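Peer 1: how would this look folded up:
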Amino acid sequence: MLNKYAASLIAMSVFLSAGPAAADEILVDNDKNVEMTVSIYNNNLGFVRDVRKVNLPAGNNAIAFEGVASQIKPETAMVSGNGIEVIEQNYDYDLLTANNIMEQFIGKEVKTAILNPENGQTIFDKAKLLNSNYGAPILQFSYGVEANFPGRVVYDKIPSSLRVKPTLVVNLKNNAAADKELELAYLTNGISWKADYIAEVKSDDVLDINTWITLNNETGADYENARVQLVAGNVNQESGASNVVRPKMMLARGMMAMESAAADSGAAERTSLADYYLYTLPVKTTIKDKQSKQVSLMNLNNVKYAKEYLLHSPLYVGVGVSANEFEKQNPNVVFKLVNDKASNLGLPMPGGIVRFYEKDEGNNLQFIGESRIEQSASGEKIDLTVGKAFDIYAKGKIKSVKAISKDMSEVAVEVTFSNAASKNKNVVFEQNIANNWEVLSENAKSEKKNASTLKWNLEVPQNGKKVLEFSLRVYRNR
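Peer 2: Residues are numbered from 1 along each chain as shown. Here you go, the predicted structure:
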């Protein structure tokens, strides 16, 4: 997509231009948008494509794109259109504020106004502004210097270097007078998105998943009626490659507005983009500056899952180990999913928080835990730990240690699992082993998970117990 604009990408010089005072400047504010598209990345980055309509005379013109993002990366700005040649681009970011206008008049003559308390009339005078003094100006009158003037300072004009909004001024050559559509594209910091999943447990093996996307905009610009695309994946950005130019005015960071917009026309369209995934929201939306907005991404019904109770053994097993034990350890509750069509998934899933809910006996929905899902491609296995099991617990100990040599020991372990629930529960027990090992005996079949871990799948009966016993020969590397 970027190749479309490559011909118009030029090096930029960032400085304060005389923009508004220029007679031949054509101001095009962002109310003149024909089309707005915003691609939002995971890492606080957005790519804005902004098409505006302008009546363009032939010859050289200065076009002022008002209302661009205050966190724009100005060196990435690209302008394209039929029959134009871009000559120069200037980013004007010194904004019109009370402090900035006062700074511009330091050393110059200004008017002053003060109310006469006796008759209520305004008394006007003239003074030289010596210093802005953080909004409490120091003024030199004909009679002396006022450091705490109780009146107002009046300016006869707006300095040409100040802008109402951050503005990109483009000097270009147009081959023929006509109404034209100019497309401005640029990268900006200050905009991001994240995924949140709502998983409602419907039965012992089925749940529904709804996905919400939260868009957060702090770029300093509004995106009206925009086509929004979300890029899943982390694109590389070179640190120090560009400096984000920020306006001189300070933006108050109050509470952001929260707006929720459900898409009525279905799930987002998903396509691949290079080595990433691109989600296009089904309807256009408006994202205001300093706003957090939620939109529906996709709804997935009858998703198959399995529940597992996983306990990582706190016992230390290795050469030269002494007897140790643990009391009442509760296993983790793990929801296990497979991201495939057989499980009614099979879609690229962006990373985010999955919050699980289930109805109680009174048919009231209750929150039962949450877990983070990492970016998951189609076919991946997904394990989500939501909390600790209440009715299942275990205690264990190393029953005996027999030293065969200084580099070899035989270790016997016993673990008892208790299940106070009214259903049988499947418990996975994992034992980490510090050295090489051989299994000498076991009363349940184990599986080698990796080079340092053994695991057992055990069914613990309802309102009952299950005892696991095993012995290992452990030895140092030989």
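Peer 1: Which residues does the residue nearest to Ala403 when sequence neighbours are not counted form beta bridges with?
Peer 2: Excluding its sequence neighbours, the residue lying closest to Ala403 (Cβ to Cβ, 6 or more residues apart in numbering) is Ser409, at 5.3 Å. From N, CA and C alone the C-beta is placed, and that goes for glycine too. In this entry, Ser409 is beta-bridged to Ala403, Val474, by DSSP bridges.
Peer 1: just the one 4 residues further on next, same as before
Peer 2: For Val413, the beta-bridge partners under DSSP bridges are Ile398, Phe470.
Peer 1: what about it, how many residues close to it?
Peer 2: 20 (other Cβ atoms under 10 Å).
Peer 1: coming back round to it: relative to Val228, how far out is the residue nearest to Ala403?
Peer 2: From Ser409 across to Val228, the span is 62 Å (Cβ to Cβ, to the nearest Å).
Peer 1: mind listing the strands for the stretch 51-200 of the chain?
Peer 2: Here the stretch 51-200 of the chain has its strands, by DSSP state E, counting those that start in this stretch, at 59-66, 78-80, 84-92, 109-115, 122-131, 138-141, 144-146, 152-154, 167-174, 178-189, 191-201.
Peer 1: Could you check the angle the third one makes with strand 178-189?
Peer 2: If I follow you right, that is strand 84-92. 50 degrees (axes from the mean of the first three to the mean of the last three Cα atoms, to 10 degrees).
Peer 1: Excluding residues flanking it in the chain, which one is nearest Ala444?
Peer 2: With Cβ to Cβ, 6+ apart, the residue lying closest to Ala444 is Trp456, at 5.3 Å.
Peer 1: what number of residues lie near the one you found?
Peer 2: Trp456 - counted by other Cβ under 10 Å - has 19 other residues nearby.
Peer 1: give me the element it is part of.
Peer 2: Here Trp456, judged by DSSP states H and E, is contained in strand 453-460.
Peer 1: Tell me which strands that strand pairs with, and in which orientation.
Peer 2: In the sheet, strand 453-460 lines up with strand 425-432 (antiparallel), strand 446-450 (antiparallel) (DSSP bridges).
Peer 1: Please tabulate those strands in CSV, including the columns mean neighbour count, mean pLDDT and distance to Asp196.
Peer 2: Shown next, in CSV, are these (neighbours: other Cβ atoms under 10 Å; pLDDT from 0 to 100; distance: least, Cβ to Cβ, whole Å):
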stretch, mean neighbour count, mean pLDDT, distance to Asp196
strand 425-432, 19, 95, 28
strand 446-450, 12, 93, 31
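Peer 1: Out of those, which gets nearest to Thr167?
Peer 2: Thr167 lies closest to strand 446-450 among these, at 58.6 Å (Cβ to Cβ).
Peer 1: Pull that closest one out as CSV, backbone CA atoms only.
Peer 2: The C-alpha trace of strand 446-450 is given here as CSV (Å, rounded to 0.1, in the frame of the first residue of the first chain):
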residue,chain,number,x,y,z
SER,A,446,3.5,-41.2,33.0
GLU,A,447,4.4,-39.1,30.0
LYS,A,448,7.7,-37.3,29.4
LYS,A,449,6.6,-33.7,28.8
ASN,A,450,10.2,-32.4,28.2
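Peer 1: Show me which helix or strand of the protein is least confident by mean pLDDT.
Peer 2: strand 257-261 (a mean of 39; mean pLDDT, DSSP states H and E).
Peer 1: The host helix or strand of Val333: which residues count as buried?
Peer 2: Using DSSP H and E, Val333 sits in strand 332-338. Neighbour counts over strand 332-338 (16 or more other Cβ atoms under 10 Å) mark 332-335, 337-338 as buried.
Peer 1: now do stretch 111-124
Peer 2: Thr112.
Peer 1: residues making contact with it?
Peer 2: Outside stretch 111-124, the residues within contact range by Cβ atoms under 8 Å, 6 or more residues apart in numbering are 125-127, 139, 141, 149-156.
Peer 1: do stretch 429-447 as well
Peer 2: Everything outside stretch 429-447 that qualifies as a contact, by Cβ under 8 Å, 6+ apart, is 310-313, 315-319, 321, 394, 410, 413, 415, 417, 449, 452-458, 467-478.
Peer 1: Got a quick ChimeraX command for the buried subset of the residues you listed?
Peer 2: Restricted to buried positions by 16+ other Cβ under 10 Å, the ChimeraX selection for these reads:
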select :310,311,313,315,317,318,319,321,394,410,413,415,417,454,455,456,458,468,470,471,472,473,474,475
